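Peer 1: show me how the following folds:
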Amino acid sequence: MSFQPFPLAAPKAQDSPNYAPDLAVRLICPDCRDPTPHIVEEFGSGDLVCGTCGLVLGDRIVDTRSEWRTFANDEGDDPSRVGAASDPLMEGMEQLDTVISFKDGGSGIARELQRAASRGQNGRSERTVVNAFKDINNMCDQFSLPKTISDIAKQLYKRSDEEKLLRGKPLEAVIAACIFIACRQAHVPRTFREICNLTHVSKKVLGQCYKALEQAFNLTPGASAQNGRGAPIQTGPEDLLVRYCNHLALPPHVQGICKDIIVQAREKGVADGRSPVSVAGGAIYFACHLLGIPKSIKDISLVAGVSEGTIKLLYKLYYADREKLVKKEWIKEGKAVMDRLPADAAALR
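Peer 2: The predicted structure is shown next:
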């Protein structure tokens, strides 16, 4: 009897390797383990983030949306893709102009077209507004002021130009007054001396322009803006402490102590009638001695923009009423020591 082997069966189709992606795989946050996760794609940072707990699940996410950016400026997206975004303050001025130029020896037709275009261009007032807006941007950049202040200053200047409030005044003085008011309205006030040093405008002319705008815009003398209740917000020495303490590299708790000293001095009638700059500089110098922080009077004078004699005078006034200004909690906590305060004016450095 002969033996016949069985023939080998052909491999089935399902035995072949399968390289298709597994669509059943889901991305779940390892911390939350929520079966219905809330995954957010942050295209700005290129991360894949869990919307529940904030855990970063992946990086280098490619933004596949439509690309509408413009590289003309940094003002944001521009869907038109034909240049920078239009400025609502300009109202079409200097935004859709066509400039016709010609080289030396050009045809007479080009010359006539250029003359016709120059006649049809915006008037002198509109060109002045455009130049003023450029100066405001440059001055705010030199002063490291945010764009919010430059926009407020532009609105103030445009209104003053439309209503002819400061006719005959120098352009630099009007711009300086607008920036001064804008800083107050944005709660980052600057002193007259700082604005004068920035714009190179005399204090007298700046004061005249400010007074005119103050009356025209119905601003309370010494007020910056109107709060929600309609009461004027005064610009006091407390508003200057943040900037002065940062420039002097003082610890964070010094600012709070200086503010309490200024408030107590105002309630007790100490240093009444003094300018906010002098009051702030004197309070910082008094607090530095009280807390044992080495800070020379020269450094404070340069930052505050007042003379060393003025700071010494304010210090003497604070020292005379030190028992009313220094809180007992500071002494109990060990922050303040009354013996650190020098009584002799010759010891002040």
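Peer 1: mind checking the SS state of Y210?
Peer 2: helix (DSSP: H, G, I helix; E, B strand; the rest coil).
Peer 1: ok, now which ones touch it?
Peer 2: A177, F180, I181 (C-beta atoms under 8 Å, 6 or more residues apart in numbering). C-beta coordinates here come from the backbone N, C-alpha and C atoms, glycine included.
Peer 1: who wins for neighbours among those?
Peer 2: Counting neighbours by other C-beta atoms under 10 Å, A177 comes out on top of these with 29 neighbours.
Peer 1: just list what whichever strand or helix holds it packs against, helices and strands only.
Peer 2: According to DSSP states H and E, A177 maps onto helix 171-185. Counting contacts by 3 or more C-beta pairs under 8 Å, 6 or more residues apart in numbering; DSSP states H and E, helix 171-185 is packed against helix 124-142, helix 147-162, helix 192-199, helix 203-216, strand 223-226.
Peer 1: most tightly surrounded among the ones you listed?
Peer 2: Counting by mean count of other C-beta atoms under 10 Å, helix 147-162 has the highest mean neighbour count of the helices and strands packed on helix 171-185, with a mean of 19.
Peer 1: show me where the stretch 201-349 of the chain has helices.
Peer 2: Secondary structure of the stretch 201-349 of the chain (DSSP state H, counting those that start in this stretch): helices located at 203-216, 238-247, 252-268, 276-291, 297-304, 308-320, 322-325, 328-332.
Peer 1: between helix 192-199 and the first one, find me the angle.
Peer 2: Counting by axes from the mean of the first three to the mean of the last three C-alpha atoms, to 10 degrees, helix 203-216 lies at 110 degrees to helix 192-199.
Peer 1: tell me the mean pLDDT over helix 203-216?
Peer 2: Per-region confidence: helix 203-216 scores 86 on mean pLDDT.
Peer 1: starting at the chain centroid, how far to that helix?
Peer 2: Taking C-alpha atoms, centre = their mean, to the nearest Å, one finds the center of helix 203-216 at 24 Å from the center of the full chain.
Peer 1: repeat for the fourth one
Peer 2: The gap between the average C-alpha position of helix 276-291 and the chain average comes to 26 Å, counting by C-alpha atoms, centre = their mean.
Peer 1: mind giving me the packing neighbours of it?
Peer 2: helix 238-247, helix 252-268, helix 297-304, helix 308-320.
Peer 1: could you give me the buried positions within the third one?
Peer 2: For helix 297-304, burial by neighbour count (16 or more other C-beta atoms under 10 Å) applies to I297, D299, I300, S301, V303, A304.
Peer 1: for the second one, which residues are in contact?
Peer 2: D299 is in contact with L248, counting by C-beta under 8 Å, 6+ apart.
Peer 1: and what of the fifth one?
Peer 2: Counting by C-beta under 8 Å, 6+ apart, V303 touches Y244, H247, L248, G281.
Peer 1: top of the residues you listed by neighbour count?
Peer 2: G281 leads the contacts of V303 on contacts (other C-beta under 10 Å) with 28 neighbours.
Peer 1: is G58 located within a helix, as I assumed?
Peer 2: No - counting by three-state DSSP, G58 is not part of a helix but strand.
Peer 1: ok, the closest residue to it other than its chain neighbours to D34 distance?
Peer 2: Spatially, and ignoring its direct neighbours in sequence, G58 is nearest to L48 (3.7 Å; C-beta to C-beta, 6 or more residues apart in numbering). Going from L48 to D34 by C-beta to C-beta, to the nearest Å gives 15 Å.
Peer 1: just G44 next, same as before
Peer 2: On the measure of C-beta to C-beta, G44 and D34 end up 24 Å apart.
Peer 1: okay, the two: which has more neighbours?
Peer 2: Neighbour totals were compared for G44 and D34, and D34 leads with 13 against 7 (other C-beta under 10 Å).
Peer 1: thought I175 was touching M139?
Peer 2: Yes - using C-beta atoms under 8 Å, I175 is in contact with M139, at 6.8 Å.
Peer 1: list residues touching both of these two?
Peer 2: T199.
Peer 1: returning to that earlier point: out of the helices of the stretch 201-349 of the chain, nearest to P146?
Peer 2: Smallest distance to P146 across those (C-beta to C-beta): 13.7 Å, for helix 238-247.
Peer 1: got the buried residues for the closest one?
Peer 2: In helix 238-247, counting by 16+ other C-beta under 10 Å, buried: E238, D239, L240, L241, R243, Y244, C245.
Peer 1: arrange those residues in JSON lines, one row each, with pLDDT and distance to Y157 as further columns.
Peer 2: Listed next are these as JSON lines, based on pLDDT from 0 to 100; distance: C-beta to C-beta, whole Å:
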{"residue": "E238", "pLDDT": "82", "distance to Y157": "29"}
{"residue": "D239", "pLDDT": "80", "distance to Y157": "23"}
{"residue": "L240", "pLDDT": "83", "distance to Y157": "25"}
{"residue": "L241", "pLDDT": "85", "distance to Y157": "30"}
{"residue": "R243", "pLDDT": "84", "distance to Y157": "25"}
{"residue": "Y244", "pLDDT": "86", "distance to Y157": "29"}
{"residue": "C245", "pLDDT": "86", "distance to Y157": "32"}
